[in-house]
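Visitor: model the following, please.
(one chain, ligands or ions: 1)
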Amino acid sequence: MSVIEISGLHKAFGSLEVLRGIDLTVERGDVVCIIGPSGSGKSTLLRCVNLLEQPDSGKVVVDGTELTDPDVDIDKARRRLGMVFQSFNLFNHLTVLDNLTIAQRKVLGRSRDEAERIAKQNLEKVGLAGRERSMPSQLSGGQQQRAAIARALSMDPQVMLFDEPTSALDPELVGDVLGVMRALADEGMTMLVVTHEMQFAREVADTVLFMDGGVVVEQGPPAQVIGAPTQERTRTFLARVLNPTGDNP
Ligand SMILES: Nc1ncnc2c1ncn2[C@@H]1O[C@H](COP(=O)(O)OP(=O)(O)OP(=O)(O)O)[C@@H](O)[C@H]1O
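Guide: Take a look at the predicted model:
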């Protein structure tokens, strides 16, 4: 069964049309990587999936619930989606453990003990066992991002949304975060990932979506979209990101 069904999605900011009719279906357990040039609408698409942005028209259905239905309890429906942002978005005045337990307790009504047990399991999963009492400022960017992933996982999401999760990291920390994401994919987590990491997209994605100018120009398995793109716009973009200096090898 499809976990995400998006149809006819449009979004404009003033006169700027950012999404111009996006259709996308994501099957359970699949990893979909969204690639494309800056300003092509990738983040806006992800933010429309959990209604952080209200689409102007079109439908977003997650796990059988239409989030774009005005009568739906959006806070409840949104709980199926875990979101990881470029900028980690941890509460800096709270310990790592409190960052992971606060929403579990407030939103899901879990007891402190249960929330802490689940938080610790997820911290272990992302390689941060023993850092429960640390403050975010005592962690590297990569560790903060892994804590943010553990926080999202602690809410038992059906789908994880990643918005350029490694773009704010020093290059040497990128691999750890991508490693955690690979492990999640291997466990069967359904994931929608906006990324500039072509190697990750090539190796982990079931489907790659190339967006440009608010439309999906090309989509399919990575071997097709990244390995043998059929559209000129995809080829031009890939040539630039895979060989940014334009040097011949
Ligand atoms: N809240 C907003 N208000 C006005 N304009 C916005 C808003 N959010 C995004 N935009 C504009 O919409 C366009 C698409 O932005 P979006 O962030 O979706 O692109 P992107 O493909 O994710 O780019 P990048 O790779 O640089 O993050 C950009 O021109 C951006 O300036």
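
Visitor: and the helix or strand bottoming out on mean pLDDT in the chain, what's buried?
Guide: Least confident element among the helices and strands of the chain, by mean pLDDT, DSSP states H and E: helix 74-78 (a mean of 89). Applying a neighbour-count criterion of 16 or more other Cβ atoms under 10 Å, one finds 74, 77, 78 buried in helix 74-78. For glycine as for every other residue, the C-beta is placed from the backbone atoms N, C-alpha and C.

Visitor: any chance of a markdown table for these, columns distance to the ligand?
Guide: Converted to a markdown table, the buried residues of helix 74-78 look like this (distance: Cβ to the nearest ligand atom, whole Å):
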| residue | distance to the ligand |
| --- | --- |
| 74 | 18 |
| 77 | 22 |
| 78 | 18 |
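
Visitor: just want to check the distance between residue 123 and residue 132.
Guide: 7 Å (Cβ to Cβ, to the nearest Å).

Visitor: what's in contact with the least confident helix or strand of the chain?
Guide: If you take Cβ atoms under 8 Å, 6 or more residues apart in numbering as the criterion, helix 74-78 is touched by 50, 51, 62, 65, 67, 107.

Visitor: tell me how far the residue nearest the centre of the chain lies from the ligand.
Guide: Nearest to the mean C-alpha position of the chain, by Cα atoms, centre = their mean, lies residue 162 at 1.5 Å. Computed as Cβ to the nearest ligand atom, to the nearest Å, the residue 162 to the ligand distance reads 12 Å.

Visitor: which parts of this structure are helices?
Guide: All helices of the chain, identified by DSSP state H, fall at 42-49, 74-78, 96-108, 112-125, 141-153, 171-186, 198-204, 222-225, 232-242.
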